[in-house]
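Visitor: Predicted structure and sequence below. I'll ask about it afterward.
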Amino acid sequence: MIRIIALTDAGLALGKQLHAALPHSQLHFKPKPFADVVQGYFREGDALLFICATGIVMRTLAPVIASKHQDPPVLVMDELGQFVIPLLSGHEGGANQWGLEVSELMGAQLVMTTANAYLNPVYTLGMGCERHCPLPYLEDLMLQGLAQIGLIPEQVSGLYSIDIKADETHLIELARKYQWSFITYSAHALSEVEPLLSTRSDYVFKTVGVYGVAESAALVGARSRTGASPELCLNKIKNTKATCAVARSYQV
């Protein structure tokens, strides 16, 4: 979920434009009690876009900031819509890329302060599922995962899985629906990124020969796209029939 938070009338006008342009977003005007509400969204992992001064944002979020590997992406815009600042989780949470998308969408200037700002991130979606998993289980989980890190399907470069899923009807349908390439890899190829996994399942290993399909496939897909070292920006999430993860690598 993307939360757009405005504190002034001018900010509200800009917020309405952003809300109309950003899928899976909600607009909040002067939420009360401000700190409690905003900190709650942050703890839930929602992507936050503030239209106000950066000082207000930092003072409000300071008590709940954990680490760049856990915190959701946070952007700040001025109420005139001239500047977009990725404030938290620039690389790990995707705020830099999200800020770029918002700046292009609104004709604003991106103010990037993190390292490697000249690099272009490439995002890859990895998924695993039960045989004949219905499309809604795949699509809902995918949209949930992307929303958690402030991405939209158009920012994803491809869908990846293990080769025993190469004929999985609804994975193929999902890729076709969102105009993604659908690429699968052998268990041997996926095992090369095992040290980068956030979790390892012995059950999955005994079943398919790799400790995690979604994370492994996303990581190998990201590496293949750029030739650079990949990293997870969404650790595996799951529902009763599918798993999903997002990886990223950087391309000059």
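Guide: Yes, it's here.
Visitor: Residue 121: how many residues sit nearby?
Guide: Residue 121: 21 surrounding residues under other CB atoms under 10 Å. All C-beta atoms are positioned from the backbone trio N, CA, C, and that covers glycine.
Visitor: try residue 124
Guide: Residue 124: 29 surrounding residues under other CB under 10 Å.
Visitor: just residue 228 next, same as before
Guide: Using other CB under 10 Å, residue 228 is surrounded by 15 other residues.
Visitor: In what element of secondary structure is it found?
Guide: Using DSSP states H and E, residue 228 is not contained in any helix or strand.
Visitor: and it, what is it in contact with?
Guide: By CB atoms under 8 Å, 6 or more residues apart in numbering, residue 228 lies in contact with 249-251.
Visitor: I figured residue 242 hits residue 131, correct?
Guide: No: taking CB atoms under 8 Å as the definition, residue 242 is not a contact partner of residue 131, at 11.3 Å.
Visitor: Those two - which one has more neighbours?
Guide: Between residue 242 and residue 131, counted using other CB under 10 Å, residue 242 has the larger neighbour count: 23 against 10.
Visitor: And that one, how far from residue 88?
Guide: Distance from residue 242 to residue 88, counting by CB to CB, to the nearest Å: 29 Å.
Visitor: how many neighbours does residue 202 have?
Guide: Around residue 202 there are 8 residues (other CB under 10 Å).
Visitor: Leaving aside the residues adjacent along the chain, what's closest to it?
Guide: Computed as CB to CB, 6 or more residues apart in numbering, the closest residue to residue 202 that is not its neighbour in sequence is residue 211, at 7.6 Å.
Visitor: Pull the number of nearby residues for residue 26.
Guide: Other residues close to residue 26 by other CB under 10 Å number 13.
Visitor: Model confidence for it, exactly?
Guide: Residue 26 is assigned a pLDDT of 95 by the prediction.
Visitor: And the host helix or strand of it, what does it pack against?
Guide: Here residue 26, judged by DSSP H and E, is contained in strand 25-29. Applying 3 or more CB pairs under 8 Å, 6 or more residues apart in numbering; DSSP states H and E, we find strand 25-29 packed against strand 2-6, helix 9-21.
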